[in-house]
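**Student:** heads up, no residue letters with this:
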């Protein structure tokens with residue numbers, strides 16, 4: 001009887017030993033799988049070139065340039081009302097109609113020829129506050145949108161497949177994008193801010209080719225993110241990727 005009881009206890013002990021060994025093996029395998037998953041995650045992490053992030057003075061990520069470039073093409077695609085413009089008077093009328101259209105915040109001005117922006121005294125104003133206007137050209141020809149004297153934007157703008165020309169241009173704190181399909185030729189400086197005014201923030205992307213202040217031998221005062229004799233209360237963003 002004692003021999004049978006002892007044999008029984010030994011069998012039970014062996015069973016528990018096997019169960020414990022299996023559990024440890026399973027736990028070890030689980031740990032290996034976790035480590036393997038972590039290794040795969042590290043291998044699949046995008047390269048630094050795909051995650052270019054500018055860091056502000058507070059140490060927090062400020063700008064994702066890859067996302068900004070994607071936004072350029074997205075922002076340029078516009079489903080708003082299209083206004084065909086071939087003269088200064090037609091451009092002035094189109095801007096009035098865009099301002100009066102309370103149902104749309106988007107609009108497209110399509111140039112059918114070179115057009116000079118309407119101007120008064122020293123200022124040449126273009127845009128509509130509260131609206132985003134995309135300016136493009138009809139067909140493959142990049143028509144000129146000419147700013148005489150001091151050009152000042154009065155609304156958000158995307159310049160696509162158009163040649164923006166002029167003297168000085170003040171984006172006046174409005175979100176402004178010059179796409180890679182366009183050109184820009186300014187004899188003097190471009191400002192993200194305003195002329196002797198303070199703006200909330202600035203956002204300018206220049207992916208177009210051309211020149212800005214080509215006569216400057218020192219390389220100064222070509223493109224400025226802020227204002228002329230004014231402040232920027234919030235963030236200033238300026239990106240230049242064009243030639």
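**Tutor:** The structure has been received and is ready for your questions. Being a predicted model, the structure only gives us computed values, none of them experimental.

**Student:** for residue 164, which non-adjacent residue is spatially closest?
**Tutor:** residue 184 (4.8 Å; CB to CB, 6 or more residues apart in numbering). To be clear about C-beta, it is placed using only N, CA and C from the backbone, and glycine gets the same treatment.

**Student:** would you say residue 97 is within a helix?
**Tutor:** Yes - secondary structure of residue 97 (DSSP: H, G, I helix; E, B strand; the rest coil): part of a helix.

**Student:** which residues touch it?
**Tutor:** Going by CB atoms under 8 Å, 6 or more residues apart in numbering, residue 97 touches residue 83.

**Student:** measure it to residue 84 for me?
**Tutor:** 12 Å (CB to CB, to the nearest Å).

**Student:** then residue 113?
**Tutor:** Distance from residue 113 to residue 84, by CB to CB: 10 Å.

**Student:** now do residue 120
**Tutor:** Taken as CB to CB, the span from residue 120 to residue 84 is 24 Å.

**Student:** of those two, who's got more company?
**Tutor:** Per other CB atoms under 10 Å, whichever of residue 120 and residue 84 has more neighbours is residue 84, with 12 against 8.

**Student:** tell me which residues of whichever strand or helix holds the more buried one come out buried.
**Tutor:** Here residue 84 sits within strand 81-85, counting by DSSP states H and E. Residues of strand 81-85 classed as buried: 83, 85 (neighbour count, 16 or more other CB atoms under 10 Å).

**Student:** residues in contact with it?
**Tutor:** Contacts of strand 81-85 (CB under 8 Å, 6+ apart): 90-91, 94, 97-98, 101, 104, 106-112, 115, 138.

**Student:** adjacent strands (with direction) for that strand?
**Tutor:** As defined by DSSP bridges, the strand partners of strand 81-85 come to strand 106-111 (parallel).

**Student:** who touches the partner strand?
**Tutor:** 78-86, 91, 94, 98, 101, 128, 131-138, 143, 145, 162.

**Student:** after that strand comes which helix or strand?
**Tutor:** strand 115-116.

**Student:** which helices and strands sit right next to the helix or strand just after that following strand?
**Tutor:** Next in sequence after strand 115-116, counting helices and strands by DSSP H and E, comes strand 123-126. Counting contacts by 3 or more CB pairs under 8 Å, 6 or more residues apart in numbering; DSSP states H and E, strand 123-126 is packed against strand 144-153.

**Student:** let me know the angle separating the strand it packs on from strand 81-85.
**Tutor:** 120 degrees (axes from the mean of the first three to the mean of the last three CA atoms, to 10 degrees).

**Student:** got the buried residues for strand 144-153?
**Tutor:** Buried, per 16+ other CB under 10 Å, within strand 144-153: 144, 145, 146, 147, 150, 151, 152, 153.

**Student:** pairing partners for that strand, with directions?
**Tutor:** strand 115-116 (parallel), strand 123-126 (parallel), strand 163-170 (parallel).

**Student:** what about it, average pLDDT?
**Tutor:** Taken as a whole, strand 144-153 has an average pLDDT of 94.

**Student:** residues in contact with that strand: which ones?
**Tutor:** Under CB under 8 Å, 6+ apart, the answer for strand 144-153 is 111, 114-117, 119, 121-127, 135, 159, 162-172, 174, 176, 194-195.
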